[in-house]
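Novice: The following comprises the amino acid sequence and a computationally predicted model.
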Amino acid sequence: GENVEQHPSTLSVQEGDSAVIKCTYSDSASNYFPWYKQELGKGPQLIIDIRSNVGEKKDQRIAVTLNKTAKHFSLHITETQPEDSAVYFCAASRRGGSYIPTFGRGTSLIVHP
Amino acid sequence: NAGVTQTPKFQVLKTGQSMTLQCAQDMNHEYMSWYRQDPGMGLRLIHYSVGAGITDQGEVPNGYNVSRSTTEDFPLRLLSAAPSQTSVYFCASSYRAGVSDGYTFGSGTRLTVV
């Protein structure tokens, strides 16, 4: 089955700095890679996703990159703000069929004012 | 549009008691799943369903039971609660796994077993 490794487990940055969270996956058939943000006391919320036919996707201050050859993908947050503080999860799955996504263990991002 | 609704939000059980965690979605999603979240362990899949009448086990199914009689509802039953089941439980749904917009999660049920 699929195995998703996520690093680091904790990331502490100063407001305005950039933050990068990295994930690797094992199943070369995976082709859909979403990222979720979980604020304290809430359920995870999808913030951005990328499909295997795309190398990079941006949405304002967040971006995701995918390297299919190396089987890794990353979340980039620029100009971090205190409200970016949360736990971030990556996941990998296949589009279609009954394949259920596999999640990484999460990264706790702390943005210091 | 309520999305995914979980009830209750908090629950305390005594060891050996049984209970049902409710999950309902109003988006006509085919896929529904139950996860538990424990510190340092991320989201672990308990059971999932790919449509009404179809369920399957995930990574940590022992001690839990599910059924899917309608598209909207996917209850999770704890048969005989144990302290190891103290956790935060999330229900999630998607149109189809990995096809459209990923999962929509509920707000969670925090369960404590004493």
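Specialist: Here it is on my side, so go on. Note that the structure is a prediction, hence the values are computed from the model and not measured. Numbering: from 1, shown residues only, chains lettered A, B, ... in the order given.

Novice: What residues of stretch B:106-114 count as buried?
Specialist: Along stretch B:106-114, the positions that meet the burial threshold by neighbour count (16 or more other CB atoms under 10 Å in any protein chain shown) are B:Gly106, B:Gly108, B:Thr109, B:Leu111, B:Val113. The way it works is simple: take the backbone N, C-alpha and C, and place the C-beta from them, glycine included.

Novice: now, which of these lie within strands?
Specialist: When DSSP state E defines the strands, the subset of the buried residues of stretch B:106-114 inside them is B:Thr109, B:Leu111, B:Val113.

Novice: Which of the residues you listed lies at the shortest distance from B:Arg96?
Specialist: Nearest to B:Arg96 among these is B:Thr109, at 25.0 Å by CB to CB.

Novice: OK, contacts around the closest one?
Specialist: Contacts were defined as CB atoms under 8 Å, 6 or more residues apart in numbering or on different chains; by that measure B:Thr109 touches B:Gln6, B:Thr7, B:Pro8, B:Lys9, B:Phe10, B:Gln11, B:Leu21, B:Val88, B:Tyr89, B:Phe90.

Novice: how close does the third one sit to B:Glu72?
Specialist: I take that to be B:Pro8. Distance of B:Pro8 to B:Glu72, given as CB to CB, to the nearest Å: 18 Å.

Novice: Can you name the two of the buried residues of stretch B:106-114 that sit furthest apart?
Specialist: Across the buried residues of stretch B:106-114, no pair lies farther apart than B:Gly106 and B:Val113, at 20.1 Å, counting by CB to CB.

Novice: Phi and psi next, for residue 81.
Specialist: In the absence of a named chain, chain A is used. A:Gln81 has phi and psi values of phi -130, psi 160 when expressed as degrees, to the nearest 10.

Novice: that answer is for a different chain, and I need it for chain B
Specialist: Here is the backbone geometry of B:Ala81 (degrees, to the nearest 10): phi -60, psi 140.

Novice: where's the closest residue in space to B:Asn65 that isn't next to it in sequence, which helix or strand?
Specialist: With CB to CB, 6 or more residues apart in numbering or on different chains as the criterion, B:Asn65 has its nearest non-adjacent residue at 4.3 Å, and that residue is B:Arg77. Counting by DSSP states H and E, the element that carries B:Arg77 is strand B:76-78.

Novice: ok, that strand: who's next to it in the sheet?
Specialist: Here strand B:76-78 has these sheet partners by DSSP bridges: strand B:19-25 (antiparallel), strand B:64-66 (antiparallel).

Novice: And for the longest one, what's in contact with it?
Specialist: Among residues not part of strand B:19-25, those counted as contacts by CB under 8 Å, 6+ apart are B:3-8, B:11, B:13, B:32, B:34, B:72-78, B:81, B:89, B:91, B:93, B:104, B:106, B:109, B:111.
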